[in-house]
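Asks: Sequence isn't available, so here's the structure alone:
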């Protein structure tokens, strides 16, 4: 749920867990199954996952162009990160 900002409600996942969820999405038998997996996990396949050295958890960034445009970046800095 994107509205939950309480860190105690976050369940960290490893890069391996993320890859497993993405591969399940990639190998799903139907678009309906892919949609169900995405709704449950919030993960889809990315070609970057073919790079074994790339860590999708540690290398997540904010899209600055849209972040500034939507004022999301300001909210994250001030309200969430307390900067």
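Replies: Arrived safely, thanks for sending. It should be emphasised that the depicted structure is a prediction, and the values quoted were computed from it without experimental measurement. Numbering: from 1, shown residues only.
Asks: Apart from its chain neighbours, what residue comes closest to residue 34?
Replies: residue 28 (4.5 Å; CB to CB, 6 or more residues apart in numbering). The way it works is simple: take the backbone N, C-alpha and C, and place the C-beta from them, glycine included.
Asks: my guess is that neighbour contacts residue 37, does it?
Replies: Yes: assessed by CB atoms under 8 Å, residue 28 is found in contact with residue 37 at 6.0 Å.
Asks: Of the two, which one has the most company?
Replies: residue 37 (19 against 16; other CB atoms under 10 Å).
Asks: quick one: the more buried one and residue 80, what's the gap?
Replies: 28 Å (CB to CB, to the nearest Å).
Asks: could you point out which element follows the helix or strand of the chain with the lowest mean pLDDT?
Replies: Every helix and strand of the chain was ranked by mean pLDDT, DSSP states H and E. The lowest is helix 64-69, at a mean of 67. Counting by DSSP states H and E, the element after helix 64-69 in chain order, helix or strand, is helix 72-75.
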